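# Using only what follows, build the 3D model:
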Amino acid sequence: MTDQTTKHPFIHLHLHSEYSLVDSVLRIADVIKATSDEHMPAVAVTDLSNVFAVVKFYKAAVAAGIKPILGSDVWIERPEQPGKPYRLVLLCQNEQGYRNLTHILSEAFRHGQHLGGHACISKQELAQHNEGLIALSAATLGELGNALLHGSEAQIEQLADEYLELFGDRFYLELQRTGRLGDE
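Below is the predicted model:
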């Protein structure tokens with residue numbers, strides 16, 4: 001482990017596992033092994049619209065001496081464009097956050113099904129059930145990221161204010177540098 005890694009460890013906060021059937025084949029055991037091999041103190045699993053990996057992930061991470069961070073990559077509905085939701089990453093800060101996340105996901109599947117099979121969450125639902133949740137903007141797939149790519153400065157400020165109103169100091173801009181179009 002380099003001195004730089006010791007001073008500034010990397011912690012993966014947006015990772016899909018084998019339980020995100022559409023876009024990942026990463027097995028929990030492989031995630032934990034890679035996390036351990038890279039001397040990461042913690043890792044988050046944020047599967048798309050579910051928390052199916054929680055038990056397996058939690059047990060494996062704790063057994064390896066790694067702090068598990070529970071969360072989900074969720075769809076946020078756009079009333080003005082049904083069927084074209086944005087993403088938002090929600091991380092559990094505490095037990096109340098986990099309870100709120102499971103409630104939000106359940107409601108999304110019960111009432112928020114839209115074209116394309118997305119189980120969407122409304123901002124009203126987020127406003128009512130965000131205690132204990134930390135939000136990441138989901139980079140270019142999020143509402144704010146999309147506005148940074150295509151919107152006006154006024155729209156960007158308005159959206160940032162909306163998310164700060166919902167989450168306060170628990171809202172973070174997510175940056176990704178994966179080499180995809182729009183990352184930089």
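
# For the rest of this, base every contact and every neighbour count on C-alpha atoms.
OK.

# residue contacts, the residue nearest the centre of the chain?
In the chain, the residue lying closest to the centroid (CA atoms, centre = their mean) is residue 89, at 2.0 Å. When contacts are counted by CA atoms under 8 Å, 6 or more residues apart in numbering, residue 89 is found next to 14, 46, 71, 72, 73, 74, 135, 136, 137, 138.

# What is the subsequent helix or strand relative to the lengthiest helix in the chain?
Criterion DSSP state H: the longest helix present in the chain is helix 95-111. Going down the chain from helix 95-111, the next helix or strand is strand 120-121, by DSSP states H and E.

# neighbouring contacts of that next one?
Counting by CA under 8 Å, 6+ apart, 74-77, 85, 104-105, 107-109, 112-114 sit against strand 120-121.

# As CSV, those with distance to residue 166 would be great.
Listed next are the contacts of strand 120-121 as CSV, based on distance: CA to CA, whole Å:
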residue, distance to residue 166
74, 16
75, 16
76, 13
77, 15
85, 18
104, 15
105, 17
107, 18
108, 18
109, 22
112, 20
113, 23
114, 23
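
# List the residue ranges of this structure that fall below the pLDDT cut-off.
The model of the chain has pLDDT under 70 over residues 1-8, 114-116, 182-184.

# in the longest strand anywhere in it, what's buried?
Using DSSP state E to define each element, the chain has its longest strand at strand 67-76. Going by neighbour count (16 or more other CA atoms under 10 Å), the buried part of strand 67-76 is 68, 69, 70, 71, 72, 73, 74, 75, 76.

# which residues are contacting that strand?
Contact with strand 67-76 is made by 13-14, 41-51, 54, 57-58, 61-62, 85-92, 98, 101, 105, 118-123, as judged by CA under 8 Å, 6+ apart.

# burial count for residue 110?
Look at residue 110: counted by other CA atoms under 10 Å, it has 11 neighbours.

# Residue 175 contacts residue 136, correct?
No: with contact defined as CA atoms under 8 Å, residue 175 does not reach residue 136; the gap is 9.3 Å.

# do you know how far the residue nearest to the centre of the chain is from residue 74?
Applying CA to CA, to the nearest Å, the value for residue 89 to residue 74 is 6 Å.

# So for stretch 27-38, what gets flagged as buried?
28, 31, 32, 35, 36.

# Kindly reformat these as TSV containing distance to residue 9.
What follows is the buried residues of stretch 27-38, written out as TSV (distance: CA to CA, whole Å):
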residue	distance to residue 9
28	21
31	16
32	16
35	11
36	12
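
# Turn those residues into a markdown table, including distance to residue 160 and secondary structure.
Below are those laid out as a markdown table (distance: CA to CA, whole Å; DSSP: H, G, I helix; E, B strand; the rest coil):
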| residue | distance to residue 160 | secondary structure |
| --- | --- | --- |
| 28 | 34 | helix |
| 31 | 32 | helix |
| 32 | 34 | helix |
| 35 | 32 | helix |
| 36 | 35 | helix |
